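>>> Turn this into a structure:
(one chain, ligands or ions: 1)
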Amino acid sequence: MNWIIDRFDDIRILRYEVPGFETLTLEEKELIYYLNEAALCGRDIIYDQNGRYNLAVRRTLEAIYENAEADKETVQWAAFVKYLKKVWFANGIHHHYSNDKFVPEFSREYFDSLLGVTPAGSFPDDFGSHRELVSLVKGIIFDKDKMPKRVNQTEGVDMLKTSAMNYYEGVTQAEAEQYYGAMADPADSTPVSYGLNSKLTKTVGGRLVEKKWRVGGMYTQAIERIVGWLEKAAQVANPTQKAIIEALISYYKTGDLKEFDRYSIMWVNDIESRVDFVNGFIEVYGDPLGYKASWESLVNFRNEKATKRTRIISENAQWFEDHSPVDSMYKKPEVKGVSAKVITAAILAGDCYPATPIGINLPNSDWIRKEYGSKSVTIENITDAYEAAARGDGFREEFVLRPEDRKRMDRYGSLADNLHTDLHECLGHGSGQLAPGTKGDELKNYGSVLEETRADLFALYYIADPKMVELDLIPSMDAAWAEYSRYVMNGMMTQLARVKLGKDVEQAHMRNRKLISEWCYEHGKADNVIEKRVADGKTYIVVNDFEKLRKLFGELLREVQRIKSEGDYEAGKALVETYGIKVDQKLHAEVLERYAGLNIEPYSGFVNPKYSPVMENGKIIDIKISYEADYTEQMLEYSHHYSFLPTKN
Ligand code: ZN
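Predicted structure coming up:
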């Protein structure tokens with residue numbers, strides 16, 4: 001099987017398998033099929049959320065791609081196609097990870113010539129005149145000062161004014177913070193996730209109003225389709241799941257965040273159903289203020305065999321909580337319902353496509369997690385695809401100095417990686433509690449980074465606990481040391497391959513990995529715990545003392561949990577600003593050069609398999625799965641069949 005099906009710029013497109021799909025019952029397959037359709041119907045939403053002209057840009061580029069009578073053998077055409085592939089990958093005009101706007105490698109004149117050879121009737125006609133559309137799109141693509149960044153979290157500037165995301169319009173950061181600050185009632189122990197499912201704008205009179213994303217509201221054209229497929233899904237679901245889907249439908253229809261909480265509680269309680277799904281406005285990374293959620297969907301079913309591993313972890317969740325280095329005030333006295341499983345993804349959509357997480361822990365609401373627990377998943381058919389695509393690409397030979405480290409990584413890398421994800425999702429995010437009076441949004445723009453830091457530290461601390469061997473989760477400490485070496489090498493060095501020279505680290509997960517690694521480097525300096533070693537003119541990161549490194553992870557975990565529990569903004573800010581952002585330029589240049597020599601694209605994403613119902617006498621008798629998808633073909637197919645929003649929303 002060929003795992004890599006397309007490569008462009010800094011991206012490789014992989015495909016993933018869905019092993020075990022054939023073993024599902026007809027009802028389960030049918031349920032997956034309907035949920036998949038519901039997932040694909042939301043694709044336009046994430047484009048519009050990422051930037052309010054993204055749909056205009058995508059549709060204009062697609063019109064040219066499909067209809068221009070242009071010479072397709074030129075360098076400029078290739079540059080045009082590359083730009084379009086990047087827009088598809090990022091669900092918009094900004095890089096999915098760095099948040100920077102793409103720079104076209106074709107000229108404005110060339111773009112004009114393409115517009116001239118594309119029939120006018122093929123462009124979107126719901127944006128105003130053709131002239132307006134074209135001039136707007138050109139400005140967006142070529143004017144580098146226009147919408148340069150999707151999410152800007154630089155301290156001291158108005159983060160809303162300087163971010164191109166489409167969650168606010170005409171609203172200053174101070175106004176938005178005041179608006180949601182006033183909404184939060186400190187006495188309310190079960191607050192809804194204020195602002196989660198709406199765009200905040202102003203009326204003509206200057207009053208702040210939320211445009212809700214619901215049936216009859218903003219994005220209704222897509223949400224109605226989603227609801228239509230969910231209704232079909234409800235008919236083939238088991239009774240528990242039927243009620244869950246109906247609660248979700250009710251939320252989509254009303255936009256009532258209390259309904260979302262009701263749905264989330266039912267969803268988190270359902271640990272029996274083999275098929276499961278996420279569908280909605282879930283993660284808040286795309287909003288610099290962390291209120292508004294991007295739309296995403298993931299449909300999946302449990303990998304029964306691999307789930308034995310996570311079951312052991314969740315059954316021991318209380319033990320881990322009790323023995324963590326965190327201050328006892330900030331530990332959960334009673335860890336509730338941490339359910340963990342390994343899943344097989346059947347479809348990725350919205351903000352999970354084509355780039356996707358490898359683990360998810362939901363719901364995000366703090367009080368629901370505390371009262372009802374959380375559901376945590378490791379998506380193993382995705383990590384398997386990564387691993388298969390990376391085999392023999394020369395990365396370890398280039399960046400890992402000591403043969404013993406390389407050997408450990410070759411042997412245990414995959415196991416340690418999956419286990420890290422299990423621990424991060426299942427225990428890390430689920431652990432700890434807030435101090436009385438802390439609301440949970442005090443850390444503001446540093447909240448996402450510090451939350452990831454906390455979860456990673458929990459995983460790093462425990463992966464090297466003797467309990468891991470005792471529970472038979474790892475065969476020996478070598479698996480943990482493989483993870484330690486890999487983690488700090490990545491955090492201090494190799495992840496910089498994903499950042500452009502001269503730029504800071506922006507993305508929350510990257511900042512967290514850098515923060516942890518650099519903090520431990522700094523605080524372990526006296527004992528030479530982590531060393532930057534130079535050999536043959538190349539820099540390597542070497543861990544000299546694994547046990548001491550574990551202690552450092554524990555110390556930092558204690559402090560980060562305190563920061564979260566107390567909502568200590570200043571301390572959180574200091575940690576992130578000191579260790580998580582600024583890059584050593586010389587080392588950065590070296591990493592980029594060595595990486596370029598390997599020819600490995602630093603980012604990957606996926607195409608989905610295709611599902612088609614087999615009909616007999618008007619009834620579905622089976623669902624067939626096929627993997628023949630091509631990246632461009634799939635993107636165009638989705639644009640043709642699952643595009644429901646107007647170009648201007
Ligand atoms: Zn996480």
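>>> Torsion angles phi and psi at S431?
phi -90, psi 170 (degrees, to the nearest 10).
>>> residues in contact with it?
Contacts for S431 (Cβ atoms under 8 Å, 6 or more residues apart in numbering) come out as F320, E321, S324, V326, K331, K332, V335, R454, F458, Q561. Any C-beta I mention is one placed from the backbone N, CA and C, and that applies to glycine too.
>>> check which helix or strand covers K242.
K242 belongs to helix 239-254 when assigned by DSSP states H and E.
>>> could you dump that helix to CSV, C-alpha only?
Coordinates of each C-alpha in helix 239-254 appear next as CSV, following Å, rounded to 0.1, in the frame of the first residue of the first chain:
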residue,chain,number,x,y,z
PRO,A,239,-31.6,3.7,22.2
THR,A,240,-28.9,5.4,24.2
GLN,A,241,-27.2,6.8,21.1
LYS,A,242,-30.6,7.8,19.6
ALA,A,243,-31.2,10.0,22.6
ILE,A,244,-27.7,11.5,22.4
ILE,A,245,-28.2,12.3,18.7
GLU,A,246,-31.6,13.9,19.4
ALA,A,247,-30.1,16.1,22.0
LEU,A,248,-27.5,17.3,19.5
ILE,A,249,-30.2,18.0,17.0
SER,A,250,-32.1,20.0,19.5
TYR,A,251,-28.9,22.0,20.2
TYR,A,252,-28.3,22.6,16.5
LYS,A,253,-32.0,23.7,16.2
THR,A,254,-32.0,26.1,19.2
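>>> relative to helix 239-254, how tilted is the helix or strand following that helix?
Later in the chain than helix 239-254, the nearest helix or strand by DSSP H and E is helix 257-269. Put simply, helix 257-269 runs at 160 degrees to helix 239-254, going by axes from the mean of the first three to the mean of the last three Cα atoms, to 10 degrees.
>>> what is the mean pLDDT for the helix or strand following helix 257-269?
Beyond helix 257-269 in the direction of the C-terminus, DSSP H and E gives the next helix or strand as strand 275-283. The average pLDDT within strand 275-283 is 98.
>>> Tell me what angle strand 275-283 forms with helix 257-269.
140 degrees.
>>> Touching strand 275-283 from outside, list them.
24, 28, 31-32, 35, 38-39, 42, 196-197, 213, 226, 230, 241, 248, 251-252, 260, 270, 292-302, 343, 351, 360, 362, 364, 375.
>>> so which of the contacts of S431 is the most crowded?
F458 (29 neighbours; other Cβ atoms under 10 Å).
>>> residues contacting that residue?
For F458, counting by Cβ under 8 Å, 6+ apart, the contacting residues are F320, S324, L423, H424, L427, G428, S431, L557.
>>> circling back to that earlier point, can you pull the buried residues of the helix holding K242?
Q241, I244, I245, E246, A247, L248, I249, Y251, Y252, K253, T254 (16 or more other Cβ atoms under 10 Å).
>>> on that earlier part again, looking at the contacts of S431, which has the smallest pLDDT value?
Out of the contacts of S431, that is V335, at 85.
>>> Helices of the stretch 401-550 of the chain, start to end?
Using DSSP state H, counting those that start in this stretch, the helices assigned to the stretch 401-550 of the chain run over residues 403-422, 447-463, 466-470, 477-492, 508-523, 546-566.
>>> oh, I was asking about the stretch 251-400 of the chain
For the stretch 251-400 of the chain, the helices defined by DSSP H, counting those that start in this stretch cover 257-269, 304-315, 317-323, 366-372, 380-390, 395-399.
>>> And the third one, what does it pack against?
When you say that, I think you mean helix 317-323. helix 466-470 (3 or more Cβ pairs under 8 Å, 6 or more residues apart in numbering; DSSP states H and E).
>>> chain center to the helix it packs on, what's the gap?
Chain-centre distance of helix 466-470: 31 Å, with Cα atoms, centre = their mean, to the nearest Å.
>>> C-alpha coordinates for it, PDB please?
The C-alpha trace of helix 466-470 is given here as PDB (Å, rounded to 0.1, in the frame of the first residue of the first chain):
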ATOM      1  CA  PRO A 466       7.500   1.800  37.800                       C
ATOM      2  CA  LYS A 467       3.700   1.400  37.900                       C
ATOM      3  CA  MET A 468       3.900   1.300  34.100                       C
ATOM      4  CA  VAL A 469       5.900  -1.900  34.100                       C
ATOM      5  CA  GLU A 470       3.900  -3.300  37.000                       C
END
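>>> For it, which outside residues touch it?
N316, W319, F320, H323, L419, Y462, I474, P475, S476, M477, A479, A480.
>>> Any regions of this structure where pLDDT drops low?
1, 337 (pLDDT under 70).
>>> Any residues of it in contact with the ion? List them.
Within the chain, the residues that sit near the ion (Cβ under 5 Å from the ion) are E452, A455.
>>> Pull the distance from the helix holding K242 to the chain's centre.
24 Å.
>>> what does that helix contact?
So helix 239-254 is contacted by 31, 214-216, 223, 226-227, 230-231, 233-235, 237, 256-257, 259-260, 262-263, 266-267, 270, 272-273, 275, 279-280 (Cβ under 8 Å, 6+ apart).
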